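Undergrad: Model the structure of this input:
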Amino acid sequence: GNGLYLNGIGVEPDEDLGEHYRDLACQYGYACCHKYLGILHLQGEEDARDPHAGREHLLKAAKMGDWEAAFLLGYCNVHSILSEDVEHDLQVLQEAAGLHNPASMYLIGFLLIQLGALDCSFRGISDGMAYMVEAGNAGWPEAVSYLEAPCEFIELSDGNAVERGDFYDILYTEGAPY
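TA: Here you go, the predicted model:
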């Protein structure tokens with residue numbers, strides 16, 4: 001009922017009634033409502049923005065199995081919109097990636113590569129590349145572009161760099177495109 005009243009579909013638009021039904025649906029545990037509220041708090045009108053509340057709603061939706069909410073949570077971390085608890089958010093993304101959602105596999109790969117470079121952790125970069133390869137094998141466009149780009153260097157926080165191509169030998173499985 002919330003979308004019907006908020007958008008005036010088949011009924012007279014009523015923002016208060018729409019918000020009432022939206023909040024009621026959240027209380028009953030509908031993931032889509034938590035995702036919707038998360039988006040509103042992150043991208044809504046300036047006076048309604050609340051990144052902390054947005055993150056909490058996205059986490060609730062992701063824990064209920066909404067992979068789009070997990071993807072949005074990861075996207076916000078990748079672009080530093082949110083960075084309250086990256087470890088916890090990585091765990092949520094890993095659970096979404098475990099459902100073989102290529103968008104989540106790409107994001108978790110991207111985040112792990114970045115964090116691995118920050119921590120000078122070859123294991124982190126390797127784990128990130130493994131997710132990136134899975135997303136590429138599933139045909140996710142951003143992962144395919146990343147994997148097909150000329151081998152560049154991943155700069156580590158200590159000033160050194162590793163060639164991204166060094167990780168392909170570790171990850172290559174016979175028959176896989178990457």
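
Undergrad: quick one: residue 148 from residue 161, how far?
TA: 20 Å (CB to CB, to the nearest Å). For the C-beta atoms, the positions are set from N, CA and C on the backbone; glycine is no exception.

Undergrad: ok, now residue 119?
TA: For residue 119 relative to residue 161 (CB to CB), the value is 15 Å.

Undergrad: what do you get for residue 95?
TA: 32 Å.

Undergrad: Comparing these two, which residue is more hemmed in?
TA: residue 95 (16 against 12; other CB atoms under 10 Å).

Undergrad: Settle this for me: that one is touching residue 71, isn't it.
TA: No - using CB atoms under 8 Å, residue 95 makes no contact with residue 71, being 12.0 Å away.

Undergrad: can you list contacts of whichever helix in the chain runs longest?
TA: Looking across the chain with DSSP state H, the single longest helix is helix 102-119. For helix 102-119, the external contacting residues (CB atoms under 8 Å, 6 or more residues apart in numbering) are 67, 70-71, 74-75, 77-78, 86, 90, 93-94, 96-97, 121-135, 138-140, 142-143, 146, 154-157.

Undergrad: give me the number of residues near the closest residue in space to residue 43 that isn't next to it in sequence?
TA: Distances taken as CB to CB, 6 or more residues apart in numbering put residue 49 closest to residue 43, at 7.7 Å, once the chain neighbours are dropped. Neighbours of residue 49 under the rule other CB under 10 Å: 13.

Undergrad: ok, residue 49 touching residue 55?
TA: No - Residue 49 is beyond contact range of residue 55, at 12.0 Å (criterion: CB under 8 Å).

Undergrad: Residues that sit against both of those two, list them.
TA: In contact with both residue 49 and residue 55: residue 42, using CB under 8 Å, 6+ apart.

Undergrad: residues touching residue 143, list them.
TA: Residue 143 neighbours (CB under 8 Å, 6+ apart): 102, 105, 106, 109, 132, 133, 135, 136.

Undergrad: what about the third one, neighbour count?
TA: I take that to be residue 106. 27.

Undergrad: The last one too?
TA: For residue 136, the neighbour count with other CB under 10 Å is 25.

Undergrad: How about the fifth one?
TA: Other residues near residue 132 come to 28 when the count uses other CB under 10 Å.

Undergrad: The closest residue to it other than its chain neighbours and residue 142, how far apart?
TA: Nearest non-adjacent residue to residue 132, counting by CB to CB, 6+ apart: residue 109, 3.6 Å away. Separation of residue 109 from residue 142 (CB to CB) stands at 10 Å.

Undergrad: higher neighbour count, these two?
TA: residue 109 (28 against 16).
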